[in-house]
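> Predicted model follows, preceded by the sequence.
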Amino acid sequence: MADLSINFAGIRSPNPFWLASAPPTNLGSMVERAFDAGWGGAVWKTIGAPAVNVSSRLASIDSGALRMAGLNNIELISDRSVEVNLKEIYACKKKYPDNAVIVSLMVESNREAWHDIVKRTQDSGADGLELNFGCPHGMSERGMGSAMGQVPEYTRMVTEWVMEAAEIPVIVKLTPNVTDIIPPALAAFRGGTNAISLINTINSLMGVDIDTFIPHPNVNGKAAHGGYCGPAVKPIALNMVAEIARNETINVPISGIGGIATWRDAVEFMLLGAGSVQVCTAVMHYGYRIVEDMIDGLNNYLDEKGFASVNDIIGLSVPRVVDWSDLDLNYKVVANVDEEKCVQCNLCYVACEDGAHQSFEFVESNGKRYPRVIEEECVGCNLCSLICPSPGAITMQRRDDGTNSRTWRELEENK
Amino acid sequence: MSGTDRNHLDTATIEENFAEINPAMTFAEAAAEAHRCLYCYDAPCMQACPTHIDVPSFIRKIATENLKGSARVIFEANPIGATCARVCPVEVLCEGACVEKTLLQRPIEIGRLQRHATDHVFKNNISVLKRGEPNGMSVGIIGSGPAGLSGAAYLAQLGYDVTIYERKEMAGGLNTYAMAEYKIRQQTSLEEVGLVEALGVNIRVNTEIIRPDAESDEAKEGIVFDRLLQDHNTVLIAVGLGQTNRLNIPGESLKGVNDALAFIEQIKTREWDSISVGKNVVVIGAGNTAIDAATQAKRLGAEKVTLIYRRTEKDAPAYDYEMEIARLDGVEFVWQAAPAEIIGNGSVSLLRCVKTDGSGESLDIACDQVIKAIGQSRMTEFFTETCGVNTDEHGRVIVDEMMMTTRPEVFAAGDCVSGGADAVDAAQLGKKAAAGIHNHLAGVYVDLPGLY
């Protein structure tokens, strides 16, 4: 059994799996049930001046038979008072001293207000604070949430205010609704934060009911943009986590968030530099119980790979994320069809013909017609292997001898 | 009819036994199944379908909730697509070729999805096919079974004035009268007939095509074949097969000796009380009709149903999955036994067989009903004498690649050409005949959906 415990910027947790600040961490009783299920930590649903919410609040997008490949919400921060929340945080922490309780905060852009909420929250016994600079809907219209995270100067200013009062670790939660994640991350770092978490949800409009013409989610005939999350956003989150992880200046732990539903997702985030991971949508879909396989699967993975501690995998893939200019232009792969495994759906053929480089032909073999790769035409784009439904039927095979690596940057420098 | 005067189950149980074997899908079921389809390119299922329905296309349309479009794709390639959705041997056709069968041992339920789409247009009275601009020419079709309906549907879409002459009281041929009731309801076949009628096709039921010197059945109108050639530019013969073959053994006229098709036709009325089923039934033959008769006899309440066949199990012409249905229904099989004599005092009480395994032994099977399902005869005399077209040595109408017979202006399609195949095959031949007729009359080669 590998050691799953982490010390994230001073916040200790029995495992790297935390619930993100969201509906699953709305109540003390919910967080307690989550800890009973095995979650290592929980980021309490954002507290501040109690919000007034609308009905309805959620909308989702399906992908084929998969329900809720993406989820969006227009729910605001906690609709319960700070006092009630803090009382529950205190009770919860008493009952679960070994689990990490991080409290998400959002108040108006005012130094005293931030000092006040930070101090009161610390008194509740919380292990850490997370500053919600990311909420993209509702709160942002009032100058909070992503309105803060989208302006690096504000991010740094509020982080500095918080650090003046904070005696426990502080995490700044970033919004992905920016063109480049580095400036806000740098601002949080320079403001003195102990850690960064990302991504918060992405601005989105989930769709329109084509019978009623009302966009989703319907609030009395109208809708507003909301925050997008769930499996569909994972690649965006991974990129932003990796960008910060490979930044040479920003040197604080990263808590990865965005579409994590399984231990495999978690491993990917950690390989790209996350020191803990936060989960919301998958729990909203399947319940707290999913953490059992996350712990079990991570454990088995670490054992199989020979890692004694989960901390040993953090950032292992970061050196492999580079700029395009540093990719080897002479690396050459081509697709290859294994006729034994081919099921003749011909999707590779049509995909290549209409969507790539016309590198397939049909050949008759044993009375059947198989797609075959014309190697001279194949650029090694992967498309056919991505759409092939039969595992192993299309593999990408290396054709260069690996002796003559050349990058774009090198070509440019040798000009 | 002694011994076969009534069936032995109560109505509720019979209704349950005749529940559809491939029931309608719920919306959720259809959506999930449609999403499972890979949308193969130039798909194996489409190649395996005799009418070459663009299966991935109609399934994708179900997935996008475009059911009208889905049904259009189906009916454009197969005007009896609703019947075929229920009665096709999908296991050996589309579903047998499905990539998901190769990949997961679980093919997409193409038949039931096809039903889902076609049910939608029937239920909502949506027309998906359009009558063509009248071209001033007319075609007479003899027979309203799969081939005749299919040919009529295409010809009407091409602008022909089409009249179908049907001997029976209702149109649809075997689709209406001879499909196992647990596969398809008569109502579905009739709804499909309605789809063809909506294209302007005139169906004259109770109408017999006769020789100039013959008299027709008094309940039916008789029309001389040559009259058809005067009334129409061409005639399409799509009469299917003839009567069930005779055994030509003693005792064949005893009470309780029935013809499988007549037995099934009776079941199609769903007037359970009027259907005669023995306690102890023997079905002779091992084709798909024999299976349909055996399973339905059992489902009506026969205590024991024995199917006898003169050759081995391996030789039985019924599809494997049909045999499986019979086995699950508790039908017993006797292989390599040929009927020699039916014995009884007024009504049947015993079937005497001779083993064909070389032993020559005699085998007596006590029974109170014998159902004959040893194939249908070819209507050779009708073809040669009434219609004046030539037949081959098997009694099948000889046609060229355009489905034209040896007599100019006369075409043929369906079982009378193939010698007996599935409804879907007849539908394809009807399509080919329509293309052939159009080519002949309009001089235009028309590439109908799924023609090749």
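Thanks, I have the structure now. Only a predicted model underlies this, so the values are computations on that prediction, with no experimental measurement involved. Numbers count the residues shown, from 1 in each chain, chains lettered A, B, ... in the order given.

> Neighbours of whichever residue of the stretch 151-300 of chain B sits closest to chain A, how many?
Here the residue of the stretch 151-300 of chain B nearest chain A is B:Asn288; by C-beta to the nearest C-beta that distance is 26.9 Å. Placement of C-beta: from N, CA and C, glycine included. The number of residues packed near B:Asn288 is 19, by other C-beta atoms under 10 Å in any protein chain shown.

> What of B:Ile398?
14.

> So which residues on chain B come close to chain A?
Proximity of chain B to chain A, by C-beta under 8 Å from any C-beta of the partner chain, involves residues B:31-32, B:35-36, B:38-44, B:63, B:99, B:102-103.

> Please pick the buried ones from these.
By neighbour count, with 16 or more other C-beta atoms under 10 Å in any protein chain shown, the residues of chain B next to chain A hold B:31, B:35-36, B:38, B:40-41, B:43-44, B:63, B:99, B:102-103 as buried.

> Extract the C-alpha set from the strand or helix carrying B:Ala294 and format it as CSV.
Assigned by DSSP states H and E, B:Ala294 belongs to helix B:288-300. What follows is helix B:288-300, C-alpha atoms only, in CSV (Å, rounded to 0.1, in the frame of the first residue of the first chain):
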residue,chain,number,x,y,z
ASN,B,288,-39.8,-21.4,-41.3
THR,B,289,-43.5,-21.9,-42.0
ALA,B,290,-43.4,-25.2,-40.2
ILE,B,291,-41.8,-23.5,-37.2
ASP,B,292,-44.4,-20.8,-37.3
ALA,B,293,-47.2,-23.4,-37.3
ALA,B,294,-45.6,-25.4,-34.5
THR,B,295,-44.8,-22.5,-32.2
GLN,B,296,-48.3,-21.0,-32.6
ALA,B,297,-50.0,-24.4,-32.1
LYS,B,298,-48.1,-24.6,-28.8
ARG,B,299,-48.9,-21.0,-27.9
LEU,B,300,-52.6,-21.6,-28.5
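
> List of residues touching it?
B:7-9, B:14, B:17-18, B:178-182, B:260-261, B:263-264, B:267, B:272, B:275, B:277-278, B:281, B:283-284, B:305, B:307, B:309, B:317-319, B:322-323, B:325-326, B:329-331, B:369, B:371, B:373-374 (C-beta atoms under 8 Å, 6 or more residues apart in numbering or on different chains).

> show me what contacts the most far-flung residue of chain A relative to its centre?
Note on chain A: the largest C-alpha distance from the chain mean falls to A:Gly367, namely 48.3 Å (C-alpha atoms, centre = their mean). Listed by C-beta under 8 Å, 6+ apart, A:Gly367 has no contact partners.

> how distant is stretch A:33-40 from the center of its chain?
Distance, stretch centre to chain centre, for stretch A:33-40: 20 Å (C-alpha atoms, centre = their mean, to the nearest Å).

> could you dump it to PDB, C-alpha only?
Presented in PDB, the C-alpha positions along stretch A:33-40 are these (Å, rounded to 0.1, in the frame of the first residue of the first chain):
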ATOM      1  CA  ARG A  33     -20.800  12.200   5.100                       C
ATOM      2  CA  ALA A  34     -18.100  12.800   2.400                       C
ATOM      3  CA  PHE A  35     -15.400  12.300   5.000                       C
ATOM      4  CA  ASP A  36     -17.100   9.100   6.100                       C
ATOM      5  CA  ALA A  37     -17.000   8.000   2.400                       C
ATOM      6  CA  GLY A  38     -13.300   8.600   2.300                       C
ATOM      7  CA  TRP A  39     -12.700  12.000   0.900                       C
ATOM      8  CA  GLY A  40      -9.400  13.400   2.300                       C
END
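
> Which parts of the stretch 201-350 of chain A are strands?
For the stretch 201-350 of chain A, the strands defined by DSSP state E, counting those that start in this stretch cover A:202-204, A:226-229, A:254-257, A:274-279, A:333-337.

> Is the last one in proximity to chain B?
No. No part of strand A:333-337 sits close enough to chain B to count as contact by C-beta under 8 Å from any C-beta; the gap is at least 14.3 Å.

> Packing partners of that strand?
Strand A:333-337 sits against strand A:368-373, strand A:394-398, with contacts defined as 3 or more C-beta pairs under 8 Å, 6 or more residues apart in numbering or on different chains; DSSP states H and E.

> Where is pLDDT lowest across the residues of chain B next to chain A?
Lowest pLDDT among those: B:Thr102, with 89.

> Need the nearest residue in space to that residue, chain neighbours excluded.
Leaving aside its sequence neighbours, B:Thr102 sits nearest to A:Val343 (C-beta to C-beta, 6 or more residues apart in numbering or on different chains; 4.5 Å).

> Report the separation between B:Lys255 and B:Ile374.
Distance, B:Lys255 to B:Ile374, using C-beta to C-beta, to the nearest Å: 20 Å.

> Pick out whichever of these two has more residues nearby.
Taking neighbours as other C-beta under 10 Å, B:Lys255 and B:Ile374 compare with B:Ile374 leading, 20 against 17.

> and the closest residue to the more buried one other than its chain neighbours, what is it in contact with?
Leaving aside its sequence neighbours, B:Ile374 sits nearest to B:Gly285 (C-beta to C-beta, 6+ apart; 4.4 Å). Residues counted as contacts of B:Gly285 (C-beta under 8 Å, 6+ apart) are B:260, B:307, B:309, B:372-375.

> residues in chain A within reach of chain B, list them.
Counting by C-beta under 8 Å from any C-beta, chain A sits next to chain B at A:64-65, A:343-347, A:349-350, A:389-390.

> Dump those residues to TSV, plus neighbour count and distance to A:Ile314.
Formatted as TSV, the residues of chain A next to chain B follow (neighbours: other C-beta atoms under 10 Å in any protein chain shown; distance: C-beta to C-beta, whole Å):
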residue	neighbour count	distance to A:Ile314
A:Gly64	13	34
A:Ala65	12	35
A:Val343	20	40
A:Gln344	23	44
A:Cys345	27	40
A:Asn346	22	43
A:Leu347	23	38
A:Tyr349	24	42
A:Val350	18	42
A:Pro389	16	35
A:Ser390	20	35
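
> okay, who's weakest in these by pLDDT?
A:Ala65 (78).

> That one against B:Glu33, yeah?
No. Between A:Ala65 and B:Glu33 there is no contact under C-beta atoms under 8 Å: 9.0 Å.

> shared neighbours of the two, anything?
By C-beta under 8 Å, 6+ apart, no residue touches both A:Ala65 and B:Glu33.

> where in chain A is pLDDT low?
By pLDDT under 70, chain A contains no weakly predicted segment.

> Nearest residue to the middle of it?
Geometric middle of chain A (C-alpha atoms, centre = their mean) lands on A:Gly258, at 2.2 Å.
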